[in-house]
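Visitor: next input, structure requested:
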Amino acid sequence: MIFRQSFDPQSSTYTYLLADAETREAVLIDPVFEQVRRDTALIGELGLRLIATIDTHVHADHVTGAWLLKQRTGSRIAISAASGAQGADRYLADGDRVEFGARHLRVASTPGHTGGCISLMLDDRSMAFTGDCLLIRGTGRTDFQQGNARAMYRAIHDTLFALPEHCLLYPAHDYRGLTVTSVGEERRFNPRLGGELSEDDFVGSMRNLRLAHPKQIDIAVPANLECGAPREPTSALAPAPTVDPDWAPVNCTFAGIWEIQPQWLEDHLDAVQIVDVREPDEFDGPLGRIPGAQLIVLGELAERAGEIDRNKPVVTVCRAGGRSAQATVILRQAGFDALANLAGGMLRWRAEGRVVENEAA
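Guide: Coordinates of the predicted model:
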């Protein structure tokens, strides 16, 4: 099985990708709207087919990426039948199975944080995804969205703590950088409801958390009740990182680097400015250079960014694509928007027999 854990720093949300290594069918748990580009890039790079997104509940701190992922990949949207959300393709109930290839996740109702929270157990019970119910050495809050501390205590003890001690638990959030825990650890060490702590102990603690109101709740909850579908035009909801550039058919890698393919660049040399960030001896060396390329070595790029026209798209180039990828980061920090890295650099450019200039080539 293929498994990846990704993180959204703004909301401290974990998104989980699981896929069958044979069929390449994949599911994504708790996707974040602003991270859809990252997630689709990873899915593409791993050669997977996303068949479903699953939200563990109606989130109050971020907008789900379920709707946008459906537009981009054709994946189906799944969420708890008790969530109250509209627009899903499948509504999940306790005991249901979400299959991907030969593997599956079993749905367990674990209310308390909200009335429609679910957790997801892998078929061999080696891992479980607990949403905002059970966190690492903590739990989700229970003071809004039909929250119920007694329901949460019972769900954790009767369902999650009933899993094998070695079962790894992956929460929807962590605010300290912790990534995973286990059933055995939380049974013993969870300070809110582990060890000998009773239901009344837990309820008393939850009543006195004194937590601030979630900052995004007024935006996130209405959007998530529509499975992330925007009520306004998409551009009004999507921040700049989720809007695809329209100047060229660029794609974003999992590392967050915009790339352009050699064929398009060769066909549109006059439409862009090419910034070659290699050293001078490489620029004049045997790999040659792309016609019209401007040499600005990477170490000088930040100071010399003013020499580049901001009104024309920029393509950065180096030997293999690594230094030029960093060049796009530097130029973006300098305020450039229409820019991309040449995928594969000059090595790929020459291997494909594309046009070069200079005598050394």
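Visitor: contacting residues around residue 105?
Guide: 18, 27, 54, 97, 98, 120, 121, 122, 123, 129 (C-beta atoms under 8 Å, 6 or more residues apart in numbering). Just so you know, the C-beta spots here come from the backbone N, C-alpha and C atoms, and that holds for glycine as well.
Visitor: show me what the second one bridges to in the sheet.
Guide: Translated: residue 27. For residue 27, the beta-bridge partners under DSSP bridges are residue 18, residue 52.
Visitor: mind checking which of the contacts of residue 105 are buried?
Guide: In those, burial by neighbour count holds for 18, 27, 54, 98, 120, 121, 122, 129, counting by 16 or more other C-beta atoms under 10 Å.
Visitor: ok, the fourth one - contacts?
Guide: Residue 98 makes contact with 27, 52, 54, 78, 92, 104, 105, 107, 120, according to C-beta under 8 Å, 6+ apart.
Visitor: change it to 7 Å
Guide: Contacts for residue 98 (C-beta atoms under 7 Å, 6 or more residues apart in numbering) come out as 27, 52, 54, 78, 104, 105, 107.
Visitor: where does residue 223 fall, phi/psi-wise?
Guide: phi -70, psi -40 (degrees, to the nearest 10).
Visitor: circling back: in a markdown table: the contacts of residue 105, plus secondary structure, pLDDT and distance to residue 73.
Guide: Below are those laid out as a markdown table (DSSP: H, G, I helix; E, B strand; the rest coil; pLDDT from 0 to 100; distance: C-beta to C-beta, whole Å):
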| residue | secondary structure | pLDDT | distance to residue 73 |
| --- | --- | --- | --- |
| 18 | strand | 98 | 15 |
| 27 | strand | 98 | 12 |
| 54 | strand | 98 | 14 |
| 97 | strand | 98 | 21 |
| 98 | strand | 98 | 16 |
| 120 | strand | 98 | 20 |
| 121 | strand | 98 | 25 |
| 122 | strand | 98 | 22 |
| 123 | coil | 98 | 23 |
| 129 | strand | 98 | 20 |
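Visitor: about what we covered before: what's the closest of the contacts of residue 98 to residue 308?
Guide: Proximity of those to residue 308 (C-beta to C-beta) peaks at residue 27, which lies at 42.8 Å.
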